[in-house]
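In: Model the following, please.
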Amino acid sequence: MRKNLVRARWQAGEAALSAWLSIPSSFSAELLAHCGFDCLTIDLQHGLIDYQSAVGMLQAISTTEATPLARVPWNEPGIIMKLLDAGCYGIICPMVNSRAEAEAFAAACRYPPAGIRSHGPRRATLYAGADYSEKANETILAIAMIETAEALANVDDIVATPGIDALYIGPADLSLSLGRQQRVDQTDPVMVEALDTILAAARRHGKIAGLHTGSAAYASQMVAKGFQLVTVQTDAAFLEAEARRVVAVVHGATEGAAQRGPY
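Out: Numbering: from 1, shown residues only. A predicted model of the protein is given here:
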């Protein structure tokens with residue numbers, strides 16, 4: 001079965017860098033896949049991407065060794081299984097707030113007896129190899145997002161759930177849920193404590209912690225702290241930032257006048 005580069009990085013004690021895709025374009029996905037990222041995450045929750053667009057983007061990513069991941073719109077087994085059948089090697093699930101929700105998510109990612117995933121890996125077999133069905137359970141990643149006060153309170157129960165491989169912090173929603181200013185690259189002491197709590201919980205249970213960030217500098221700091229999955233901005237943010245820079249240089253426009261969200 002084709003290697004999951006993210007899992008290999010983690011097993012080696014290294015961090016994986018993800019490119020976050022919100023533009024429904026196979027070409028932009030292919031372009032970023034050739035830039036050296038360890039994985040690319042197709043965002044079907046807050047991006048503009050539907051299922052059919054995601055399939056084309058997965059085909060484009062397949063031209064490289066980068067591992068294809070997807071963030072699903074919600075903790076719903078149908079879309080989770082469909083994206084795995086299309087060739088995703090990991091699912092990031094939003095708003096996982098309890099042990100029961102973590103169990104439901106993990107079960108949708110695994111074939112019986114470990115889970116409830118229905119068998120029919122149409123494109124996944126083409127991407128991964130003929131032995132996909134036998135090795136999928138040990139290769140696919142189930143990554144639960146921690147992004148509410150409830151999830152923070154239940155973080156040990158969530159990360160200890162069998163089949164959950166990693167936690168991924170959504171800093172915008174977590175900030176709002178804790179009554180703090182919505183932003184990435186948090187330095188707010190309340191938020192820093194929350195990030196540390198989640199990282200410590202992952203370590204206690206031998207799991208991985210990941211984080212969405214807004215800059216390469218902050219991402220590097222988080223890797224040094226112990227986070228092993230980091231995303232820096234999105235494809236749309238990269239495009240907009242460079243376009244604004246060019247306009248500023250040529251026309252003297254003001255860069256960064258509006259605050260940008262994380263996605």
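
In: Would you point out which residue is most central in the chain?
Out: Centroid-nearest residue in the chain, with Cα atoms, centre = their mean: Ile92, separated by 4.9 Å.

In: That one reaches Ile146, doesn't it?
Out: No. Counting by Cβ atoms under 8 Å, Ile92 does not reach Ile146; the two are 11.2 Å apart. In this view, the C-beta of every residue, glycine as well, is placed from N, C-alpha and C.

In: Need the residues touching each of the two.
Out: Tyr168 (Cβ atoms under 8 Å, 6 or more residues apart in numbering).

In: Strands of the chain, start to end?
Out: With strands called from DSSP state E, the chain shows them at 16-21, 39-43, 67-71, 90-93, 141-146, 166-169, 208-213, 229-232.

In: Output the last one as CSV - backbone C-alpha positions only.
Out: What follows is strand 229-232, C-alpha atoms only, in CSV (Å, rounded to 0.1, in the frame of the first residue of the first chain):
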residue,chain,number,x,y,z
LEU,A,229,1.1,18.7,12.4
VAL,A,230,1.0,22.4,11.4
THR,A,231,-0.8,24.3,8.7
VAL,A,232,0.3,27.8,7.6
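
In: Each with direction, which strands does that strand pair with?
Out: strand 16-21 (parallel), strand 208-213 (parallel) (DSSP bridges).

In: how deep is Glu141 tucked in, by neighbour count?
Out: If you look again at residue 141, you'll see it is Leu, not Glu. 22 (other Cβ atoms under 10 Å).

In: was I right about it contacting Arg9?
Out: No. Taking contacts as Cβ under 8 Å, Leu141 lies outside contact range of Arg9: 11.3 Å.

In: got the residue ranges for the helices in the stretch 101-250 of the chain?
Out: Applying DSSP state H, counting those that start in this stretch to the stretch 101-250 of the chain gives helices spanning 122-128, 132-139, 149-153, 155-159, 171-177, 189-204, 216-225, 235-251.

In: What helices and strands are in contact with the last one?
Out: The criterion is 3 or more Cβ pairs under 8 Å, 6 or more residues apart in numbering; DSSP states H and E, and the helices and strands that helix 235-251 contacts are strand 16-21, helix 26-33.

In: how big is the angle separating it from strand 16-21?
Out: 70 degrees (axes from the mean of the first three to the mean of the last three Cα atoms, to 10 degrees).

In: And helix 235-251, what's buried?
Out: Residues of helix 235-251 classed as buried: Asp235, Ala236, Ala237, Phe238, Arg244 (neighbour count, 16 or more other Cβ atoms under 10 Å).

In: ok, now the third one?
Out: For helix 149-153, a neighbour-count test (16+ other Cβ under 10 Å) marks Ala151, Leu152 as buried.

In: so how far is that helix from its chain's centroid?
Out: 19 Å (Cα atoms, centre = their mean, to the nearest Å).

In: do the longest one as well
Out: On the basis of Cα atoms, centre = their mean, helix 235-251 is displaced by 25 Å from the centre of the chain it belongs to.

In: one step back: could the strands paired with strand 229-232 be laid out in TSV, adding distance to Ser133 and mean neighbour count?
Out: TSV is the format used below for the strands paired with strand 229-232 (distance: least, Cβ to Cβ, whole Å; neighbours: other Cβ atoms under 10 Å):
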stretch	distance to Ser133	mean neighbour count
strand 16-21	25	25
strand 208-213	25	26
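
In: and of those strands, who's closest to Arg110?
Out: Arg110 lies closest, by Cβ to Cβ, to one member of these: strand 208-213, at 17.3 Å.

In: now the angle from the closest one to helix 189-204?
Out: Using the same axes, to 10 degrees, strand 208-213 lies at 150 degrees relative to helix 189-204.

In: Only C-alpha atoms, please: export strand 208-213 in CSV.
Out: Listed next in CSV are the C-alpha coordinates belonging to strand 208-213 (Å, rounded to 0.1, in the frame of the first residue of the first chain):
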residue,chain,number,x,y,z
ILE,A,208,-0.3,13.7,18.0
ALA,A,209,-1.3,17.3,18.3
GLY,A,210,-1.7,19.6,15.4
LEU,A,211,-2.6,23.3,14.9
HIS,A,212,-3.7,25.8,12.2
THR,A,213,-1.4,28.8,12.1
